[in-house]
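> the sequence isn't on hand, but the structure is:
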């Protein structure tokens, strides 16, 4: 019997260290999408996870319902993006692309909400080094503030 070690994924959930569950690889810059998320987009899992995290931070979806980001684009995420786009006076396409008006509006909205943090650059994961004067952004459910 082979013993598998566990390590936290970017959201603090335990996962196998054998690489079989390394679903999200590039969540370092939450605003940097590699492709378009949405109808007719490339819909890469990392990009979808970023948009899910951003929509959660904006209150448009609740990631506790799915135990964190799923990496899958569907009606739930499309509707969340469309709600945000409507509130922001943008075309309600349900799409988010690199450097498009929607991702810029998301960044602006989060910077207004969290001015000392300038938004969830690290995927909303809180770090022990954060000081009380600049509290970390809330991450997906189940995080205790350490990784």
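Received it, and whenever you're ready, just let me know what you need. Values in this document were obtained by computation on a predicted structure and should not be read as measured data. Numbering: from 1, shown residues only.
> for the rest of this, base every contact and every neighbour count on C-alpha atoms.
Will do.
> quickly find the element holding residue 51.
helix 45-57 (DSSP states H and E).
> now for whichever helix or strand comes after that helix, which elements pack on it?
Counting by DSSP H and E, the element after helix 45-57 in chain order, helix or strand, is helix 75-87. Counting contacts by 3 or more Cα pairs under 8 Å, 6 or more residues apart in numbering; DSSP states H and E, helix 75-87 packs against helix 45-57.
> and the angle from the helix it packs on to helix 75-87?
Per axes from the mean of the first three to the mean of the last three Cα atoms, to 10 degrees, the angle that helix 45-57 makes with helix 75-87 is 60 degrees.
> tell me which residues of helix 45-57 come out buried.
Residues of helix 45-57 classed as buried by neighbour count (16 or more other Cα atoms under 10 Å): 45-57.
> buried residues in stretch 62-77, which are they?
Those would be 62, 63, 68, 69, 70, 71, 72, 73, 77, for stretch 62-77 by 16+ other Cα under 10 Å.
> so how far is residue 39 from residue 72?
12 Å (Cα to Cα, to the nearest Å).
> same question, residue 61
Taken as Cα to Cα, the span from residue 61 to residue 39 is 18 Å.
> looking at these two, which has the bigger crowd around it?
residue 61 (18 against 15; other Cα atoms under 10 Å).
> give the contact list for the more buried one.
If you count contacts by Cα atoms under 8 Å, 6 or more residues apart in numbering, residue 61 has them with 52, 55, 76, 77, 80.
> tell me the confidence at it?
Looking at residue 61, its pLDDT is 96.
> just give the number of residues close to the residue lying closest to residue 102 once chain neighbours are set aside.
The shortest distance from residue 102 to any non-neighbouring residue, by Cα to Cα, 6 or more residues apart in numbering, is to residue 96 (5.9 Å). Residue 96: 27 surrounding residues under other Cα under 10 Å.
> now for residue 96: which residues touch it?
36, 37, 38, 51, 81, 102, 103 are the contacts of residue 96 under Cα under 8 Å, 6+ apart.
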